[in-house]
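S.K.: Provide a 3D model corresponding to the input given below.
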Amino acid sequence: MAGVRVLVIDDEFHLRDSIRILLEKEGYQVSTAANGEEALQEMAARPAQLVICDVKMPGMDGIQVLKAIKSRYPEVEVIMLTGYPTIETAVNAIKMGAYDYITKPFKVSNVSLTINQALEKQRLSHEVGELKALVGIYEASKVINSTLNLDEVLVLVLRLILGNTNARAAALYFWEEKDLSLRIGASEGISQPIAIGLQEEIQERLELHLRSEKGERYSFWMDFQDSSVPGKGLCYPLSSQGRILGLLCVLVDRPEEQALAREGKLFAIFAGQAAIAIDNARLHQDLVRNYFDTVRALVASIDAKDPFTRGHSENVMKHSISISQHLGLSPQEKEDVKLAGLLHDVGKIGIHTEILRKIEALTHEDYQEIQQHPQLGAKIISAVDHLQRLYPIILHHHERFDGRGYPFGLKGDAIPLGARIISLADAYDAIITGRPYRPAKTREMALAEIKREAGFQFDPRVVEAFLKCEIFRDKR
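M.R.: Residues are numbered from 1 along each chain as shown. Model (predicted):
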């Protein structure tokens with residue numbers, strides 16, 4: 001059992017020394033302690049994987065030592081030494097977490113067998129723990145692949161670290177390319193103000209580490225000076241394709257070699273999960289930014305055809321976002337409403353310019369043509385992969401809650417919620433902006449008209465959410 005450290009605790013020198021000699025012959029690294037206080041100091045300096053402890057000792061007895069060791073080092077196996085008069089106490093010790101007991105006088109074979117069994121149990125427990133952690137990693141992978149909510153994923157990763165390892169706390173930092181600095185992303189087991197306070201110290205060490213031969217591929221240790229930080233910090237640079245994305249800092253109590261040997265692999269895997277989450281989220285942000293620019297280009301083409309409504313789509317988008325925030329929509333639904341608000345009139349590209357620019361009142365035929373724009377817009381956006389889910393919102397944004405709208409006369413909840421939101425936002429901006437053939441109305445007049453139309457043109461629930469928007473809080 002080369003490399004396995006055992007601590008023998010007994011107030012009788014000859015007994016503990018004979019056990020030491022026996023175990024060293026079998027390849028164990030053995031340290032000894034004459035009492036409980038000395039044993040706890042030894043564990044703090046050089047933690048053992050297995051402890052052999054006498055039940056009856058002056059000062060701290062064996063039961064007190066057992067409780068202290070199991071509370072601080074729960075994975076350490078403890079074997080009690082006992083004489084026949086104290087067997088009942090030893091049995092109770094097993095209920096408190098001891099692995100087994102050995103009676104005095106003992107046989108060498110019994111000692112070896114009990115130690116081997118205890119270490120085997122410890123090994124199996126460790127493997128079970130690793131398996132549970134791997135299941136946690138699998139669950140984290142599923143979340144990473146199913147959501148682009150970066151905050152949600154990072155908190156999950158940190159909680160999995162604390163739940164499946166002996167880490168005391170963990171913090172995750174983003175690397176900001178603009179100002180070449182770390183910024184706190186999430187923390188567990190340590191307050192965010194403390195995690196923020198460590199940023200500068202960690203960044204200095206990270207920059208030094210990246211200039212070394214090991215670079216981004218390896219972890220490094222931090223010896224924090226702040227007394228409020230529990231333990232040392234094991235830091236993992238997060239990178240993708242040679243680019244630094246951030247850093248994971250895990251706070252541990254173990255000596256460096258033991259922490260790396262026992263849990264370093266798990267920490268590295270969790271760091272990899274965090275790097276994937278950050279990379280995915282940033283790629284998504286770039287994608288959203290690119291196609292949002294495309295959307296704005298489409299909106300600009302509408303404004304070029306219909307100068308009287310320039311800025312209308314931007315306004316509808318802003319009002320739609322405000323309404324959606326009071327309806328408890330999911331992040332994806334809010335994003336869809338935002339884009340649909342900006343694109344709701346894209347079908348006007350297919351409407352004759354002279355109708356859109358007409359100063360006098362529109363004819364019945366003019367209205368019939370304009371009423372084609374929801375279908376034209378839905379057709380246009382359906383050709384863009386990233387916008388296809390907006391199809392029903394664009395198509396139905398001129399339906400009425402009472403079923404008297406167009407193009408299909410849908411009624412009530414049969415109208416997509418996003419379309420009901422856009423319908424109200426669209427009408428409100430049209431009322432307060434006005435057109436060449438009718439003047440704009442005041443916000444108070446527009447608000448009164450929308451209230452009257454609750455249950456008729458508009459969904460009452462959407463109207464209620466609209467009235468909670470910031471722009472009306474001082475107007476009611």
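
S.K.: Okay, helices next: where are they in the stretch 151-300 of the chain?
M.R.: Under the criterion DSSP state H, counting those that start in this stretch, helices of the stretch 151-300 of the chain are mapped to 192-197, 199-210, 256-305.

S.K.: Format these as JSON lines; extra columns: distance to Glu12, mean pLDDT and mean neighbour count.
M.R.: Using the backbone N, CA and C atoms, a C-beta is placed for each residue, glycine as well. Rendered in JSON lines, the data for these read as follows (distance: least, C-beta to C-beta, whole Å; pLDDT from 0 to 100; neighbours: other C-beta atoms under 10 Å):
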{"stretch": "helix 192-197", "distance to Glu12": "46", "mean pLDDT": "87", "mean neighbour count": "15"}
{"stretch": "helix 199-210", "distance to Glu12": "48", "mean pLDDT": "85", "mean neighbour count": "16"}
{"stretch": "helix 256-305", "distance to Glu12": "29", "mean pLDDT": "74", "mean neighbour count": "17"}
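
S.K.: And these: which comes nearest Gln49?
M.R.: Comparison of the helices of the stretch 151-300 of the chain against Gln49 by C-beta to C-beta identifies helix 256-305 as nearest, at 8.9 Å.

S.K.: Which strands and helices lie in contact with that closest one?
M.R.: Using 3 or more C-beta pairs under 8 Å, 6 or more residues apart in numbering; DSSP states H and E as the contact criterion, the elements in contact with helix 256-305 are helix 108-146, helix 150-164, strand 232-240, strand 243-252, helix 312-325, helix 331-343.

S.K.: which residues touch the third one?
M.R.: Where contact means C-beta atoms under 8 Å, 6 or more residues apart in numbering, the residues beyond strand 232-240 that reach it are 175, 198, 202, 205-206, 209-210, 216, 219-224, 244-253, 256, 259-260, 264, 267-268, 271, 274-276, 278-279.

S.K.: let's go with 7 Å and repeat that
M.R.: Contacting residues not belonging to strand 232-240 are listed as 202, 206, 216, 219-224, 244-252, 259, 267-268, 271, 274-275, 278-279 [C-beta atoms under 7 Å, 6 or more residues apart in numbering].

S.K.: which SSE is Gln41 in?
M.R.: Gln41 is part of helix 36-45, with elements assigned from DSSP states H and E.

S.K.: which strands and helices sit next to that helix?
M.R.: Helices and strands in packing contact with helix 36-45 are listed as strand 5-9, strand 29-33, helix 62-72; criterion 3 or more C-beta pairs under 7 Å, 6 or more residues apart in numbering; DSSP states H and E.

S.K.: Spatially nearest residue to Asn236 (excluding sequence neighbours)?
M.R.: For residue 236 the amino acid is Tyr, not Asn. Closest residue to Tyr236 apart from its sequence neighbours, by C-beta to C-beta, 6 or more residues apart in numbering: Ala271 at 3.7 Å.

S.K.: Flag every buried residue along stretch 158-177.
M.R.: Of the residues in stretch 158-177, those scored as buried under the neighbour-count criterion (16 or more other C-beta atoms under 10 Å) are 158-162, 164-175.

S.K.: Name the secondary structure element that contains Glu444.
M.R.: With secondary structure defined by DSSP H and E, Glu444 is part of helix 443-452.

S.K.: one step back: tell me which of the helices and strands packed on helix 256-305 sits nearest to Glu449.
M.R.: Closest approach to Glu449 among the helices and strands packed on helix 256-305 (C-beta to C-beta): helix 312-325, 14.8 Å.

S.K.: Can I get that closest one as CSV, trimmed to CA atoms?
M.R.: Coordinates of each C-alpha in helix 312-325 appear next as CSV, following Å, rounded to 0.1, in the frame of the first residue of the first chain:
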residue,chain,number,x,y,z
HIS,A,312,-42.5,53.1,-35.7
SER,A,313,-41.0,49.6,-35.7
GLU,A,314,-38.4,50.5,-33.1
ASN,A,315,-41.1,52.0,-30.9
VAL,A,316,-43.3,48.9,-31.2
MET,A,317,-40.3,46.7,-30.3
LYS,A,318,-39.7,48.8,-27.1
HIS,A,319,-43.3,48.7,-26.0
SER,A,320,-43.6,45.0,-26.8
ILE,A,321,-40.5,44.3,-24.6
SER,A,322,-42.0,46.3,-21.7
ILE,A,323,-45.3,44.4,-22.0
SER,A,324,-43.6,40.9,-22.1
GLN,A,325,-41.7,41.7,-18.9
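
S.K.: Show me what counts as buried in that helix.
M.R.: Counting neighbours by 16+ other C-beta under 10 Å, one finds that the buried residues in helix 312-325 are His312, Ser313, Asn315, Val316, Met317, Lys318, His319, Ser320, Ile321, Ser322, Ile323, Ser324.

S.K.: now do stretch 341-361
M.R.: 341-349, 351, 355-356, 358.

S.K.: Can you give me the first-to-last residue distance of that stretch?
M.R.: Separation of the first and last residues of stretch 341-361 by C-alpha to C-alpha, to the nearest Å is 26 Å.

S.K.: Show residues contacting it.
M.R.: Judged by C-beta under 7 Å, 6+ apart, the contacts made with stretch 341-361 from elsewhere in the structure are 295, 298-299, 301-302, 305-306, 313-314, 316-317, 320, 366, 369-370, 373-377, 380-381, 390, 394, 397, 422, 425-426, 436-437.

S.K.: Can you tell me the SS state at the residue nearest to Lys379 when sequence neighbours are not counted?
M.R.: Leaving aside its sequence neighbours, Lys379 sits nearest to Gly347 (C-beta to C-beta, 6+ apart; 7.6 Å). When states are read from DSSP: H, G, I helix; E, B strand; the rest coil, the local structure at Gly347 comes out as helix.

S.K.: Could you dump the buried residues of stretch 341-361 into TSV with pLDDT and distance to Gly409 added?
M.R.: Supplementary listing: the buried residues of stretch 341-361 in TSV, determined by pLDDT from 0 to 100; distance: C-beta to C-beta, whole Å:
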residue	pLDDT	distance to Gly409
Gly341	92	23
Leu342	89	26
Leu343	89	23
His344	92	19
Asp345	89	21
Val346	87	22
Gly347	89	18
Lys348	87	21
Ile349	84	25
Ile351	86	21
Ile355	83	23
Leu356	81	25
Lys358	80	26
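
S.K.: Hmm, Phe104 is touching Met80, no?
M.R.: Just to correct that, residue 104 is Lys rather than Phe. No: the criterion here is C-beta atoms under 7 Å, and Lys104 misses it with Met80 at 10.7 Å.

S.K.: who has more neighbours, these two?
M.R.: Shown here are Lys104 and Met80; by other C-beta atoms under 10 Å, Met80 has more neighbours (28 against 14).
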